[in-house]
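> How does the following fold in three dimensions:
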Amino acid sequence: MMKKKFKPLFVAMLFTFTFSAMFCSCNKDDDDNNPKDNPKDETQLKKPGTLINCKWDVDTKDNFFGDIIEQLIEDKKSINYIKIDVNSKEESSFIVGGENSDCETIYAVLTGDTLKLSTRADSIYTNKYAGRMFNSFTNAKFINLEKLNVSKTEDFSYMFSSCNAIEKLDLSSWKMDKAINLSHMFYSCESLKEINLSNWKLIYCEDMSYTFAYCKSLENLIFDKSGISSENLESTFYGCSSLKSIDLSNWYCPFCTKANDMFYKCTNLESVNLETIDLQSCEDMSGMFCNCENIKSIDMSKLNTIKSLSFAGMFANCKKLEKVEFPSNVFGLNKCENFSRMFFNCYELKDIDLSKLSVIKGTDFSEMFYQCKSLEKADLKKWQLSGSDVLYDMFCYCENLKELRMPISNLSDKARLDGFLYKVTAKVICNKDTKAKLLAQNNKFAGSWEITD
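Below is the predicted model:
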């Protein structure tokens, strides 16, 4: 028998009464709600109430709906079902919302392993903040989520975080027009295989960091065809190791500043469509496809990266990556500084035209092509490496490299170049000064030279 941990009824009722105007979805100023003009029939159903899923107290940020429910439930792991029970006459002494003269009361009813949010109304409103609402109900499956009206909600962060028993979610009926924060919304839902978000219009979304991170079983994501926009895509799909393909062709994110680790460790990802995503404001794309071990080709031909400062580890450990397609014009990397480990351990990488890359302000190129064993040609003629002191192991273990064309400009006198040509037997085309600096730190180089002076 489960222990009940909650305050007396009068406390819950007092709290609900105190904040009913703040949390209720009703508009008392509306003519239709004026009892003087429209006397109510006692049998008439009242309007849906709003869950007290905002702050327990207006002056504190510590207690939310999830914490309130914990007063009723001693152990969240004991709950196997959470049901939105509308059009219901079932009541309890534990009130969680809607205690208002114009709104139906919402009760939390605990029956065995089932938690019900029960009301006589036909739907339940969530408030502006729905964060952590169902967080850590690790064994719970959900019934009637479509009866939650989220049209006024802005913050969904951690809403279903660690709900490990969910296998499928259809949230296509949710109106997400006002959603701002989706950070960690489905974080670590380890059994979740499919999510239907087909009618979500995320127009004002600011944060989608870690939204689907560690959804290890996720195979199918259905997005709205009208598109999704977000300002933060950091680690959005981090660790979605069952995801094989993803179509982001309708995403449009011109104000996004972070896309680092976006697909990190999506180990089974084979294809991704980035056709219209537009990352023109993105400053950090480091680790974006890191550890995507099964992806063979990435088309970046329409990706605007003009403001990116870091490509560090962007394709690191993409062991089957054969081709990266850049735009036909010069690929704008004018501001990018960090290229370290960009193609680290890309064993199969062969088809890549480096001459299209506009590299001007790079400072770190360490291990950039480390163990790119299939790479045959590298044309860096238009690159500027004079401002970099970190060039060690740049082409280390590129054993099949046949031609390496170095930049026209000289290398820095302080540049660290050890391991730059380790195990390389290619013909290196460069000026005398570059040859001298490379030989000074790569005296076992077994390839040949072509001097351009």
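> can you map out the helices along the stretch 1-150 of the chain?
9-23, 65-69 (DSSP state H, counting those that start in this stretch).
> helices and strands around the helix or strand harbouring residue 324, which ones?
Take DSSP states H and E as the rule and residue 324 turns out to sit in strand 323-325. If you count contacts as 3 or more C-beta pairs under 8 Å, 6 or more residues apart in numbering; DSSP states H and E, strand 323-325 packs onto strand 297-299. C-betas here are computed from N, CA, C, even on glycine.
> Could you spell out the sheet neighbours of the strand it packs on, each with its direction?
strand 323-325 (parallel) (DSSP bridges).
> May I see the buried residues of the strand it pairs with?
Buried residues in strand 323-325, defined by neighbour count with 16 or more other C-beta atoms under 10 Å: 324-325.
> pLDDT of that strand, averaged?
Per-region confidence: strand 323-325 scores 91 on mean pLDDT.
> Quick one: residues in contact with the strand holding residue 324.
296-301, 315, 349-352 (C-beta atoms under 8 Å, 6 or more residues apart in numbering).
> coming back round to it: out of the helices of the stretch 1-150 of the chain, which gets the lowest mean score?
helix 9-23 (a mean of 31).
> is it true that residue 301 touches residue 326?
Yes: contact criterion C-beta atoms under 8 Å: residue 301 and residue 326 qualify, at 6.5 Å.
> what's the span of stretch 393-407 from first residue to last?
Counting by C-alpha to C-alpha, to the nearest Å, you get 17 Å between the two ends of stretch 393-407.
> in that stretch, what counts as buried?
393-399, 401, 404-407.
> State the three-state secondary structure for residue 435.
helix (DSSP: H, G, I helix; E, B strand; the rest coil).
> how distant is the strand holding residue 324 from the center of its chain?
Centroid separation for strand 323-325 versus its chain: 24 Å, with C-alpha atoms, centre = their mean, to the nearest Å.
> before we move on, what about stretch 155-169?
A distance of 14 Å separates the centroid of the chain from that of stretch 155-169, by C-alpha atoms, centre = their mean.
> and that stretch, how far apart are its ends?
19 Å.
> repeat for stretch 202-210
OK, stretch 202-210 end separation, C-alpha to C-alpha: 16 Å.
> quick one: low-confidence ranges for the protein?
Low-confidence segments of the chain, defined by pLDDT under 70: 1-47, 49, 51-67, 99-101, 328-332.
> again, only this time at 80
1-70, 98-102, 225-227, 327-333, 453 (pLDDT under 80).
> Could you tell me which residues make contact with the residue nearest the centre of it?
Nearest to the mean C-alpha position of the chain, counting by C-alpha atoms, centre = their mean, stands residue 236 at 1.4 Å. By C-beta under 8 Å, 6+ apart, the contact set of residue 236 is 208-213, 230, 262.
> Now distance to residue 90, secondary structure and neighbour count too, for these, in CSV please.
Shown next, in CSV, are the contacts of residue 236 (distance: C-beta to C-beta, whole Å; DSSP: H, G, I helix; E, B strand; the rest coil; neighbours: other C-beta atoms under 10 Å):
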residue, distance to residue 90, secondary structure, neighbour count
208, 37, coil, 28
209, 39, coil, 24
210, 36, coil, 25
211, 34, coil, 25
212, 34, coil, 25
213, 37, coil, 25
230, 39, coil, 27
262, 44, coil, 27
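> Including distance to residue 360, could these go into JSON lines?
Putting the contacts of residue 236 into JSON lines (distance: C-beta to C-beta, whole Å) gives the following:
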{"residue": "208", "distance to residue 360": "31"}
{"residue": "209", "distance to residue 360": "30"}
{"residue": "210", "distance to residue 360": "33"}
{"residue": "211", "distance to residue 360": "34"}
{"residue": "212", "distance to residue 360": "35"}
{"residue": "213", "distance to residue 360": "34"}
{"residue": "230", "distance to residue 360": "29"}
{"residue": "262", "distance to residue 360": "25"}
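> rewinding a little: of all the buried residues of stretch 393-407, which comes closest to residue 432?
residue 406 (11.4 Å; C-beta to C-beta).
> Next one: the closest one relative to residue 166, how far apart?
Separation of residue 406 from residue 166 (C-beta to C-beta, to the nearest Å): 54 Å.
> Also residue 91?
Distance from residue 91 to residue 166, by C-beta to C-beta: 28 Å.
> Which one of these two is surrounded by more residues?
residue 166 (22 against 13; other C-beta atoms under 10 Å).
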